[in-house]
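Undergrad: can't give you the sequence, but here's the structure:
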């Protein structure tokens, strides 16, 4: 029977998760500002959020992980869909703030 060695230690996996969460939270805030400045409302804003989250995940996957997800995470679905709703509150906060600063008194 062949033994499989997993090079991911729990400490490095936890560090990777924290780094990815930080990048996603900061980008959600930036994309929330962008959505507010663009004047997006209703479904347009939420579609923009999900597309921007997909963009950030894709950029992390291609440029930082060099398309080798198994070296950084055990689960592919966990990478793509974790924190999908975690950054939503900061996105909505900055989206509505910038929208109201620009478009409420027109």
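TA: Good, I have the coordinates. Treat the numbers as computed from the prediction; the structure is a model and nothing was measured.
Undergrad: how many neighbours does the closest residue to residue 88 other than its chain neighbours have?
TA: Spatially, and ignoring its direct neighbours in sequence, residue 88 is nearest to residue 49 (6.7 Å; C-beta to C-beta, 6 or more residues apart in numbering). To be clear about C-beta, it is placed using only N, CA and C from the backbone, and glycine gets the same treatment. Using other C-beta atoms under 10 Å, residue 49 has 22 neighbouring residues.
Undergrad: pLDDT of stretch 34-53, averaged?
TA: For stretch 34-53, mean pLDDT is 95.
Undergrad: Could I get the buried residue list for it?
TA: Applying a neighbour-count criterion of 16 or more other C-beta atoms under 10 Å, the buried positions in stretch 34-53 are 34-36, 40, 45-46, 48-49, 52-53.
Undergrad: Most widely separated two among those residues?
TA: Within the buried residues of stretch 34-53, 36 and 53 form the most distant pair, 16.6 Å apart (C-beta to C-beta).
Undergrad: Okay, now the unreliable bits of this structure?
TA: 1-8, 66, 68-79, 106 (pLDDT under 70).
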